[in-house]
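Peer 1: What would the 3D arrangement of this be:
(chains A and B)
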Amino acid sequence: MNSLVRRYWSLQSKFTIQGLFVGLTLLLFQPLQIRAAEPDLKPGDTIGPHNWQRVQGMVGENFLNRVKAGHTIQIKEPKINRPLKEYVEATEKYSGQVRFGPNGELLNYIAGQPFPKIDPKDPQIGQKLAWNFFWRWLGDDYKTGGAVEGGKILRTAIEKGGSERRADLVSYVIFPHTRYTLNPKPAIPGYEHIDFMQLRIDSYPRDSSGTTTLEIRYSDPKRPDDLYLYIPSIRRIRRATTTLRCQTLAPSEFNLDDLNSFNGKITDFNYKFLGEKKILANLTQEKFPFNRKPGDYLPLDEKWHVVDTYVLEVTPKDPDYCYPRKILHLNKVTFDTHWTLMWDKKGDYYKEQFGFFTPVKLADGQEAWSVGTVVIVNVQNGRSTLVTANRAYNQGYPPSLWSLATLQQIMRGGSIE
Amino acid sequence: MERTRGRSLLLTGSLLILLMAAPVQAYSIFGDEVETFLKEKVAFGGFIENTTGLAIGPDGDRRHFNTSNRFVMNRLTIQPEFNVDFHQSAKFFISWRFVKEPRYNMEARSRRRSVSPAAAAQPLESTFYDEDSLKPWEAVLDLKPTDLLHLRLGRQFISWGETDGIRILDVINPQDTTFSPPFAPNLFSLDETRIPTWGVRAFYTVQPVTNSIMEFFALPGFEEAKQRVDDVLGSNDTADARVRYGRWSSHPETRMPFGCLFRAPVGGTCAPIVTRQHPDAGDNWKLGTRITHNFGALNLGLGYIWGFNPQGADQVFKFRSPGAGPVVNLRLINDRASLFAGQFNYTVAQIAGIPFNTAIRGELLFYPDKLYNVSEFPGRSCTTGALTGFKAGPSCKYRNQIVEKHTIRYALGFDRSVLIPFLQEDPWRAFGLSFQLIQSIIPDHEDGIRVFSTADKLDKVTTTLTFRVSTGYLGDTILPDIFLAYDPAGYWAANPAVSYVPPWNEKIKLTLTAVVLGGHNKFSSIGLFSEKDSIFLKMRYQF
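Peer 2: All right, here's what the predicted structure looks like:
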């Protein structure tokens, strides 16, 4: 499997007839164009075991193997999301002043996309893409689970044999110093040092319901995240460290840094731009969660778009980190990730993750986008996890929601809104 | 009659649960609005659990706790819970708790025989532990008049502190330890031994970003006194060394000897007669306040509690008079206590560049002028000073056998997750490690201070260490968890458990756990329970 993965996902430079020297020079100094198998996929095309080669390199290796084994997918009309007006304005207003600090942190960053001009020749392009990903538009706040019936995130852990366990939760996120729509803008006074705060509340099954985590990400590159955990069985708040970010959040296959594809602290990693690439993604998921066979993660009725992405390789500064190599495929417009691929310390292919998206309407009528269902597959142990996590943006939550007082008020099965 | 009543109530409760759990369509007869309200605003949950316990170890090691069939527990618990979201600023939670646990025949006969005086012996109820009241277990109305103010009214639990499995600041709700073995958080969590209390709790968030929160609670003490049959002091004391006591009480011969110290001369049998000093009207309130604040990564809280004896072991008995023959008259004192509380938590990523990755937590309780029972060791006549020949006797300095001493209790905990790949099928599934140091200190200590109920000598410093390890295997379908406690005086407890959550149903959980306690004698610390080693199987279904 390892060799296959390397074969399909390895970089392929554009050699010209001018010779090996020129080619090598280009390899060193030119942007790399990752070639997908067959970029001329058209809406209506059906891909299956008979023609799987057409999507080779455009999906994860494990997914491709399922196509080879009989799963069919269909291509649909392209969909391009448009950046939001306020985000574009903030980008135009503030991006010119953004610089890197000594630890790779951003200096003078206020709001918007920090680096709108992507130059493949820029030696810092990897780092810039990473920051563009981190500060992609995600609203001023959002409730995950807020846009599906029942208002919950639906998580299903699937065993290798097909057994399933369900868990429900909700999540509330606020970006207190990059606000585009809600007042005060662009920052809530007193919160300028906090990048985001997340509150995650389990609501099913009963024994875990009420378990709540409050996570705070600080702008200071040297300050670890804060993580508080309310445990209903002892009715107390416990503090936890966030430095062991690789631990599996069982029974799911996610770890802390797998959330939102890549949830690591940007300054803890190195980045390498691997090129541009067309991949398969779904920006208009139709059903939440999507239809699938019990015990299997494959979406049955959803169709796929061909999407342009930047390919970004993430390598940790910590040699003991769980993923010595992680590859993100960043949407060229929204900077969301569509496919995320991970390798383990032995260099073996470890996990692959894909996320569907769906359009959502904001209060002012603008169309935005939200993640829909995300799937992570551990190809080594055969387990997979699906999370349907539609977001409702710009709810206007007060920042006091993300305080320890909220954790003290949780009841089993209860809500905080 | 009582038995029938209990069964009827349990049946009614069960029917209620079934009815409430029925499809929402059942409510459509009330109209669409009601149906919509129930569907969107009302959430139902809860659990049903059966716990079976079996005494382990050879009979010879269980001289005082042997039962005819070696079963020590068969407890059925049903707890339905409802959430009602009336409004963004008004929510309601209510739950009931129904429990049925029979008393074993041998135990009942033994208890009947042991009641003193014999003429007053009454047949004991056939149930050991019953909760069959329709009075809610918890019923709270949460109000949020503003974003920063939160009120909780009703019968509730309030838990302060940072410890795991041990209570220091967690003394706001009283605790009922009648029905659970000690040092067994894997069997029953603290939440299952707390007694819910009517009252009000308020939070005011002064500054959210620094978690500066003021908290206030007031518990008027509406709860009626609940005296279990196992709690009746003196009712179990006979010369029969084979008395089978309450299943989770300490050794019988350690229960009441302290009262005997006050008989002059001490010898032979002894019959303490205990009366209780009840609080004056309006004096049974508990009040408390706390403020928390973040100083960088340090979360710190300071608080104050005004209430009664915080824990059962804090009760003291006042010597009144020696009675006729073996009788000694004692009075249980309800001491009004002012408790000063502190707690903190902090995370340490590195120390001197070395990864530490540990959350440190602590709590402290300062209990000024705490009452203690005190006596002379060895026993001597307060008139002549001559030794009585007994190991102990009444204190000559404190004629009512009570002394006041400032007391400090604190706990320090260290939590971290570690990866031990060679012990895991998933190398990134962490082991949770937790270590705690718990100490109680009497700075101005005097020799002779004793725990009344067991005559256990209290040193200037008493220490307990706990250690807990937990992890999950096979996608967290197998969940081992071990809790260990150690008293450097030579006592220990182990509470290993392994749970199974089937990969095909998240609602089911089976737990096999053991409670093993030991020590170098049975008169002190955890050794009090050294003959109570047991294993338990918990079967739990969440709905």
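Peer 1: okay, CA-based contacts and neighbour counts for the rest of this
Peer 2: Fine.
Peer 1: buried sites along the lengthiest strand in chain B?
Peer 2: If you go by DSSP state E, chain B has its longest strand at strand B:354-376. Of all the residues in strand B:354-376, those buried under the rule 16 or more other CA atoms under 10 Å in any protein chain shown are B:357-367, B:370-376.
Peer 1: likewise stretch A:275-292?
Peer 2: Those would be A:275-286, A:288-290, for stretch A:275-292 by 16+ other CA under 10 Å.
Peer 1: got the residues of the stretch 201-350 of chain A near chain B?
Peer 2: Contacts of the stretch 201-350 of chain A with chain B, taken as CA under 8 Å from any CA of the partner chain, map to A:205-207, A:224, A:226, A:233-244, A:246-252, A:322.
Peer 1: Which of the residues you listed fall in helices?
Peer 2: Within these, no residue falls in helices by DSSP state H.
Peer 1: What about these, which are in strands?
Peer 2: Among those, the members falling in strands (DSSP E) are A:226, A:236-240.
Peer 1: Which two of those residues have the greatest separation?
Peer 2: Using CA to CA, these span at most 16.5 Å, a distance reached by A:226 and A:236.
Peer 1: Do you have the helices of the stretch 1-150 of chain B handy? List them.
Peer 2: Ranges of helices within the stretch 1-150 of chain B are B:2-20, B:32-41, B:105-114, based on DSSP state H, counting those that start in this stretch.
Peer 1: Ok, chain A next?
Peer 2: Using DSSP H, the helices of chain A run over residues A:2-9, A:20-29, A:61-68, A:85-94, A:125-134, A:404-408.
Peer 1: which intervals of the stretch 201-350 of chain B have sub-threshold pLDDT?
Peer 2: Applying pLDDT under 70 to the stretch 201-350 of chain B flags the ranges B:222-283, B:309-312, B:320-328, B:334.
Peer 1: thinking again about what came up before, put the buried members of the ones in strands among the residues of the stretch 201-350 of chain A next to chain B into a ChimeraX selection.
Peer 2: Taking 16+ other CA under 10 Å as the burial criterion, the selection of buried members of those in ChimeraX is written as:
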select /A:226,236,237,238,239,240
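Peer 1: Using a markdown table, please lay out the ones in strands among the residues of the stretch 201-350 of chain A next to chain B together with distance to residue A:326.
Peer 2: As requested, those are exported to a markdown table (distance: CA to CA, whole Å):
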| residue | distance to residue A:326 |
| --- | --- |
| A:226 | 24 |
| A:236 | 36 |
| A:237 | 33 |
| A:238 | 31 |
| A:239 | 29 |
| A:240 | 26 |
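Peer 1: Tabulate the ones in strands among the residues of the stretch 201-350 of chain A next to chain B (JSON lines), appending pLDDT and distance to residue B:76.
Peer 2: Below are these laid out as JSON lines (pLDDT from 0 to 100; distance: CA to CA, whole Å):
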{"residue": "A:226", "pLDDT": "93", "distance to residue B:76": "40"}
{"residue": "A:236", "pLDDT": "89", "distance to residue B:76": "26"}
{"residue": "A:237", "pLDDT": "92", "distance to residue B:76": "29"}
{"residue": "A:238", "pLDDT": "91", "distance to residue B:76": "30"}
{"residue": "A:239", "pLDDT": "91", "distance to residue B:76": "34"}
{"residue": "A:240", "pLDDT": "88", "distance to residue B:76": "34"}
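Peer 1: Does chain B have contacts with stretch A:159-168?
Peer 2: Yes - for stretch A:159-168, a contact with chain B is found by CA under 8 Å from any CA, at A:159, A:163-167.
Peer 1: end-to-end on that stretch?
Peer 2: Start and end residues of stretch A:159-168 are separated by 18 Å (CA to CA, to the nearest Å).
Peer 1: follow-up on the earlier one: quick one: which of the ones in strands among the residues of the stretch 201-350 of chain A next to chain B is nearest to residue B:128?
Peer 2: Of all these, residue A:236 has the smallest distance to residue B:128: 30.1 Å, by CA to CA.
Peer 1: What residues are bridge-paired with that closest one?
Peer 2: Beta-bridge partners for residue A:236, by DSSP bridges, are residue A:231.
Peer 1: Tell me the spacing between residue B:414 and residue B:357.
Peer 2: 10 Å.
Peer 1: cool, residue B:477 as well?
Peer 2: In terms of CA to CA, residue B:477 sits 27 Å off from residue B:357.
Peer 1: quick one: contacts for the closest residue to chain A within the stretch 101-250 of chain B?
Peer 2: Per CA to the nearest CA, residue B:208 is where the stretch 101-250 of chain B lies closest to chain A, at 4.9 Å. Taking CA atoms under 8 Å, 6 or more residues apart in numbering or on different chains, we find residue B:208 in contact with A:399-400, A:402-403.
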